[in-house]
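Engineer: Sequence and computational prediction follow.
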Amino acid sequence: MRINKYLAETGVCSRREADALIEGGRVTVNGARAVLGTKVNEGDAVLLDGAPLRARPKKLYLALNKPIGIECTTDRSVPGNIVDFVGHRERLFPIGRLDKDSAGLILLTNDGDIVNTVLRAENEHEKEYVVAVDRPLTVEFLEGMARGVPILDTITNPCRIAQVGRNTFRIVLTQGLNRQIRRMCEYFGYTVRSLKRVRIMHIELGDLPEGRWRSLTPAELKALLPSGAQRTLKLAAPRTGR
């Protein structure tokens with residue numbers, strides 16, 4: 001593992017901050033001054049300013065039922081940021097985003113490697129939402145949403161959509177364009193009144209109460225992580241929060 005990643009995973013700093021510490025000569029590995037690109041192996045003695053780092057935290061993977069009003073940012077100067085809302089002792093960051101005025105499922109982790117697995121566009125991972133709009137649905141609206149909608153200088157991918165109430169529908173997307181569902185609805189003259197994400201890939205929100213989080217189950221992680229990562233994974237004990 002590269003030294004900057006190792007430092008970041010201890011929670012002492014970000015990777016960018018780690019690069020500055022390394023370039024400043026403040027980090028050693030087995031008594032030798034580290035440089036950018038230095039590799040760290042199991043059992044190596046890594047010191048910062050001559051002091052040993054705390055043990056790297058075990059990997060955490062959380063599912064949060066985000067309330068409306070919480071910002072999916074790690075910038076703690078932002079009121080209502082997700083880091084302070086969760087209040088976990090470890091340094092966590094959200095995987096992807098969910099608009100401030102939307103609710104529902106979002107994943108958080110301290111494992112930077114998992115982010116690309118979840119977010120990589122070419123994987124076309126499914127995300128499912130329940131949406132209520134300001135007036136009754138029509139066949140034209142449902143069929144148009146399913147075919148694809150011109151927004152943000154592109155046309156959205158075809159998607160699955162099903163009416164579940166007079167003004168309510170479920171929609172499954174494989175994209176993550178900025179405020180995509182709201183913009184799609186606006187194209188047809190509808191305004192979103194509520195939007196809740198209920199599934200990411202195979203991970204479902206279920207009956208998790210709003211504002212609470214839980215650890216992902218071993219079965220959820222098995223389908224989420226690459227096989228190599230599964231063999232070496234050391235998980236924190238399952239918990240729920242808030």
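Structural biologist: Arrived safely, thanks for sending. Residues are numbered from 1 along each chain as shown.
Engineer: Below-threshold pLDDT in this protein: ranges please.
Structural biologist: Within the chain, the segments meeting pLDDT under 70 span 116-123, 226-239.
Engineer: what about the longest strand in it?
Structural biologist: strand 192-200 (DSSP state E).
Engineer: after it, next one along is what?
Structural biologist: Of the helices and strands lying after strand 192-200 in sequence (DSSP states H and E), the nearest is strand 203-204.
Engineer: what's that next one packed up against?
Structural biologist: For strand 203-204, the elements it packs on are strand 103-109, judged by 3 or more CB pairs under 8 Å, 6 or more residues apart in numbering; DSSP states H and E. In this view, the C-beta of every residue, glycine as well, is placed from N, C-alpha and C.
Engineer: who's in contact with the strand it packs on?
Structural biologist: For strand 103-109, the surrounding residues in contact (CB atoms under 8 Å, 6 or more residues apart in numbering) are 59-68, 72, 82, 86, 88, 92-98, 115, 118, 129, 194-200, 203-205, 208, 210, 213, 216.
Engineer: And the residue nearest the centre of the chain, its phi and psi?
Structural biologist: Geometric centre of the chain, nearest residue: I95, 1.3 Å, by CA atoms, centre = their mean. Note on I95: its backbone torsions stand at phi -100, psi 100 [degrees, to the nearest 10].
Engineer: same question, V40
Structural biologist: Torsion angles, degrees, to the nearest 10, at V40: phi -110, psi 130.
Engineer: burial count for it?
Structural biologist: Around V40 there are 19 other residues, counting by other CB atoms under 10 Å.
Engineer: Span of stretch 155-162 from start to end?
Structural biologist: Taking CA to CA, to the nearest Å, stretch 155-162 runs 20 Å from one end to the other.
Engineer: buried sites along that stretch?
Structural biologist: Within stretch 155-162, the residues scored as buried using 16 or more other CB atoms under 10 Å are T156, C159, I161.
Engineer: The first one and I171, how far apart?
Structural biologist: When CB to CB, to the nearest Å is applied, the distance between T156 and I171 equals 11 Å.
Engineer: what does E140 give?
Structural biologist: Here the criterion is CB to CB. By it, E140 lies 16 Å from I171.
Engineer: Looking at the two, which one has more neighbours?
Structural biologist: The residue with more neighbours, out of E140 and I171, is I171; 21 against 9, by other CB under 10 Å.
Engineer: In three-state terms, how would the more buried one be classified?
Structural biologist: Three-state assignment for I171 (DSSP: H, G, I helix; E, B strand; the rest coil): strand.
Engineer: same deal with V115?
Structural biologist: Relying on three-state DSSP, one would call V115 helix.
Engineer: Just list whatever residues bridge to the spatially closest residue to it that is not a sequence neighbour.
Structural biologist: Distance criterion CB to CB, 6 or more residues apart in numbering; nearest residue to V115, sequence neighbours excluded, is I95 at 5.6 Å. Beta bridges link I95 to L107, judged by DSSP bridges.
Engineer: Fine by me, thanks again.
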